[in-house]
Every structure is written in C-alpha cells, then in structure tokens.
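Colleague: Structure of the sequence below:
(one chain, ligands or ions: 1)
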Amino acid sequence: MLSGRRYLLGLTADQAEMCEEFGNICRAVWNTALEQRREYRRRGTWTNYVPQAAELAEAKKEHPWLTTAPSHVLQQTLRDLERACREHGTFKARWRSKARWSPSFRFPSGNLITVERLGRKWGRAKLPKLGWVRFRWSRPLDGAVRSATVSRKGGRWFVSFLVDDQAVTPEQHAMPATAVGVDRGIATAAVTSDGTFHDRPFIRHGEAERYRRLQQRLARSKKGSANRHKTIRAMGRIMNRVTDRRADFCAYTANRLATRNALVVLEDLKTRNMTASASGTLDQPGQYVAQKRGLNRAILYKGWHRLELALTNAARYTGTAMVKVNPAYTSQRCSACGLVTEGNRESQAVFVCKAAGCGHRDHADVNAAKNIKAAGLAVSACGDLGGGRSVKQEPVSRATGRTPS
Ligand SMILES: [Zn+2]
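Modeller: Below is the predicted model of the structure:
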C-alpha cells in the first residue's frame, strides 16, 4: 500500500535558494490560476486543469522565469488547485500568501527520482533540476518511490516520499476479538479502557514561558523588521520541537493500540475544526495565541487529530477496525451499571456511581474510555463497520502537498 516517509533534508545553500524559488513560482502559478478560475466563474463560465496547463506552457515563452521550476512540479500545482476548488469551491479555495503559506511542491514521477543510501546516517535523492539532495536517513524507505514532495516547515526543509511498500491489509487482525476504547482528554492525552495512560508533555514549562515572552515581543515589533523576523524564527524552533514530540508520541501510541487490538473505538470529536479554531496560529507564529492555556489546548487538540490520523494509518497494516462513537454522556455514564447522572463525578479525576447498590469507583477518564469501548462494540456488533468507518481507505500520506503538522 502507499505510505508516506518524511526525512529532514540537508540542502546546500544553493539548493535551499532554488527550493525557495520553486516555492515562489508555485505560489505565483497557484494564485494566478485561482484568480483566472474566479474570473471565469464571475463571467458565468469555467475552466479546468487541461486548458490551464496548456496556458501555462504558453506563458513560459513569455515569462522565462517560469521555466526555472520543473514543469511537472507546476502541473502538480495546477492539479492541487483543481482538487482544492472541487473540494472547497472556487471562491473558498485559499490564496497562497507569502506570509502564511509554507512552500511545498511535488515531483510526481517516481521513475525520475533516484534514492540511494550513503551511510548509516545519510541518504541522497536525485530530483529533477535540484540534482542530488542529501537527507537524514532516519527510517527505512521500504518500497518503490512513487513521488516526492519537498516542503519547508519553519527554517527546515523536508522531503516526503510516497512509497509503495507492497504490504496488504490483513483480512483478519492477529488478535481477533480484542477491543479498546480511547478517551482523549486534557489532563492526559489519551486514556484507554484497559486503564493505561498514554501521555508525554509536548511542550516543556520553560518552552511555554519563552514562547509567551516571544509572543509579547512579536506584538511589539514592527512589521517587516529584522527583529520581528528573528522572533518568528525563534517561535518556530520551539514549535518544531513540539511538533516532533507529538508526532513521535502519536505514531508510537497508534502502533501499540493497533497491534494489540482488532477494534479501536474513538469519540467522534470534530478535531479538525477544534484544531483550526484553537490553533490556526501554531504553525504561523506570526499570529497571536492569546494565552498559555490557549497554547496548551491548541497543542492538545492537534495531538488528538494527529493520533486519529496515526491510528488510521497503523490500522491499515494490522487490519484493525476503527469506530467513532457519539461523545455524548461518555463521561457521565457509569461503565458498570449504565446510570447517567451529572453528580457522578467526585472530582475531575474520580468517578463514583451514585446508583444504589452499585457504587462503582474508577478514574474518570478510564470510566469514559470503557463507555467508549462499549459503545463501539455495540456499533460493530450491528455490522455498521463498513464504508466510511472502515480503516481500509486512503493512505494518510504526507506527500499530498499538504503541510504535515
Ligand atoms: Zn453504577
């Protein structure tokens, strides 16, 4: 199956400059093509990829700077735009602004990409126009390269390969009839129905303090000044560390859960929306995260979403089924007798059932996770496992041109 592998690039100064340039060209092509699509729509007509790609080829004769970037890469930009317009609508697809868009571009032809291992720590890939680029060999490639995406996150450049690893999703999980419920919370990132707490601090106390001071400095700095730029870079470095820790945690936890369980049940939280509203800011330190509490929450919400993506990905390899259940009452219901009342919580952390003759006592998050598991088992027993709920769907790919978080 198709799977993404991301590596930290060690670009030369020239290569980094070229990548920056490719990114600028892709941004210009995206924005121009988007404006054209909107103009057509305003006049009551439309255009799509095919004529736009032809016009791009024409435009190269007039604007030689366009030829600096590989033409495949620019065609991919137009294809991405087509997909964005189809998914979100021509007038809702976003502009790529210099300040907000992190450069990212894709080389679509795996047969034009050569990857070699150089030693224990380094590998290199030959990419059209860029030539050989070195990258940290932080994990095995394990498959044939289908495409490569180069992207910048903060000050660091990455290459993501989409590889075909020839694996197939098992028909049946290695441990059938195993199931777990996962409660994603604020106090602990994830608590499972077997009573395990999965957590690690994503941001250290000192880092959060420093981040807050940098935010204040940013608010006082002048737009476009060198100081402002420096502050943004410093904030980005902190967030890079947070992102790395979160990615590690999610991948590890997801693998553990998927390996040991044929069914993983999650609450159906709108994590994507939560992430957007709480943290539109995290990857864009130029914007303002109001409070430290807001910051922590934003980091957590992102972790919840990431964990879900990581589970979906891990489940493809283990044959684990994933079910999402309605989050209503999972924290107020007694997992032993089923009674739902408001007063069941002795404290934030402790659940005590008020029903006569029950008196079930549990950690509040574990109790919730047990309810989530029970709800998931009920759903899967009804045979409602198919279609959109199933895990055998698209790869969670980091090579789709979206910036990974
Ligand atoms: Zn009870």
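Colleague: Now do the helices in this protein.
Modeller: 13-42, 49-62, 71-88, 205-220, 226-260, 271-279, 292-318, 364-381 (DSSP state H).
Colleague: distance of the residue lying closest to residue 331 once chain neighbours are set aside from the ion?
Modeller: Using CB to CB, 6 or more residues apart in numbering and skipping residues adjacent in sequence, the residue nearest residue 331 is residue 368, 4.7 Å away. (Glycine included, C-beta is placed from N, CA and C.) Distance of residue 368 to the ion, given as CB to the ion, to the nearest Å: 14 Å.
Colleague: Same check on residue 314?
Modeller: For residue 314 relative to the ion (CB to the ion), the value is 34 Å.
Colleague: now the helices of the chain as TSV including mean neighbour count?
Modeller: What follows is those, written out as TSV (neighbours: other CB atoms under 10 Å):
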stretch	mean neighbour count
helix 13-42	17
helix 49-62	13
helix 71-88	18
helix 205-220	14
helix 226-260	18
helix 271-279	16
helix 292-318	21
helix 364-381	22
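Colleague: mean pLDDT lowest for which of those?
Modeller: When these are compared by mean pLDDT, helix 271-279 comes last with a mean of 55.
Colleague: how about the residues of the protein that lie near the ion?
Modeller: By the rule CB under 5 Å from the ion, the part of the chain lying against the ion is 334, 336-337, 339, 353, 355, 358, 360.
Colleague: now, which of these lie within strands?
Modeller: Among the residues of the chain next to the ion, no member is found in strands (DSSP state E).
Colleague: Adding distance to residue 317, pLDDT and neighbour count, write those residues out as CSV.
Modeller: Listed next are these as CSV, based on distance: CB to CB, whole Å; pLDDT from 0 to 100; neighbours: other CB atoms under 10 Å:
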residue, distance to residue 317, pLDDT, neighbour count
334, 36, 93, 23
336, 35, 93, 16
337, 38, 91, 13
339, 39, 89, 15
353, 39, 90, 22
355, 42, 84, 14
358, 40, 89, 14
360, 36, 91, 17
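Colleague: So which of the helices of the chain is nearest residue 98?
Modeller: helix 13-42 (7.1 Å; CB to CB).
Colleague: on contacts alone, who are the packing partners of the closest one?
Modeller: helix 49-62, helix 71-88, strand 104-107, strand 144-153 (3 or more CB pairs under 8 Å, 6 or more residues apart in numbering; DSSP states H and E).
Colleague: next one: that helix to chain centre, how far?
Modeller: 23 Å (CA atoms, centre = their mean, to the nearest Å).
Colleague: Next: stretch 297-309.
Modeller: 9 Å.
Colleague: again, but for stretch 55-63
Modeller: Counting by CA atoms, centre = their mean, stretch 55-63 is centred 35 Å from the centre of its parent chain.
Colleague: What values do phi and psi take at residue 346?
Modeller: phi -70, psi -40 (degrees, to the nearest 10).
Colleague: Ignoring the adjacent residues along the chain, who's closest to it?
Modeller: Using CB to CB, 6+ apart, the closest residue to residue 346 is residue 352 (4.6 Å).
Colleague: Give the bridge partners for that neighbour, please.
Modeller: When bridges are called by DSSP bridges, residue 352 pairs up with residue 361.
Colleague: Does it touch residue 341 like I think?
Modeller: No - contact criterion CB atoms under 8 Å: residue 352 and residue 341 do not qualify, at 10.8 Å.
Colleague: More neighbours: these two, which one.
Modeller: residue 352 (17 against 12; other CB atoms under 10 Å).
Colleague: Now for residue 361, how many residues are close by?
Modeller: For residue 361, using other CB under 10 Å, the count is 13.
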